[in-house]
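Student: how would this look folded up:
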Amino acid sequence: MVGVKGIFQGDRLSSLGITCAFCHSTVDDSFAPGIGKRLDGWPNRDLNVGAMVSLALDLSPLTKLLVVDEATGRKCSRAGAPGSTTPS
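Tutor: The predicted structure is shown next:
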């Protein structure tokens with residue numbers, strides 16, 4: 001998957017991270033909606049960052065920054081619209 005990077009210890013996946021391409025790569029829809037030639041560097045306007053953040057196992061860095069409990073942090077992160085960094 002473009003923009004996802006696995007960190008391995010030997011043959012074992014120890015962590016998973018994302019790169020700039022996760023948010024800054026999309027397709028031109030030349031074959032069908034969501035399928036086509038990759039456009040690197042273009043903003044991915046369909047990406048729901050909040051939904052992905054809410055799936056994190058440990059939200060403590062976000063909740064500490066926002067000074068909220070975990071349930072509120074998850075609820076707020078899911079409130080954004082796809083392709084937006086602000087709640088809908």
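Student: thinking A51 is in contact with K75, fair?
Tutor: No: judged on CB atoms under 8 Å, A51 makes no contact with K75 at a distance of 11.8 Å. The C-beta positions use only the backbone N, C-alpha and C, and glycine is treated the same way.
Student: Tell me who's in contact with H24.
Tutor: G3, D40, G41, W42, P43, N44 (CB atoms under 8 Å, 6 or more residues apart in numbering).
Student: most neighbours, which of the residues you listed?
Tutor: N44 (19 neighbours; other CB atoms under 10 Å).
Student: in which helix or strand would I find the residue lying closest to that one once chain neighbours are set aside?
Tutor: Nearest residue to N44 in three dimensions, chain neighbours excluded: T26, at 4.7 Å (CB to CB, 6 or more residues apart in numbering). Using DSSP states H and E, T26 sits in strand 25-27.
Student: Return the list of strands paired to the helix or strand just after that strand, each annotated with direction.
Tutor: For strand 25-27, the following helix or strand on the C-terminal side (DSSP H and E) is strand 38-40. Applying DSSP bridges, strand 38-40 is found paired with strand 25-27 (antiparallel).
Student: what does the strand it pairs with rub up against?
Tutor: 2-3, 34-46.
Student: Which two among the residues you listed are spaced furthest apart?
Tutor: Based on CB to CB, the longest span within the contacts of strand 25-27 runs between I35 and G41 and measures 19.1 Å.
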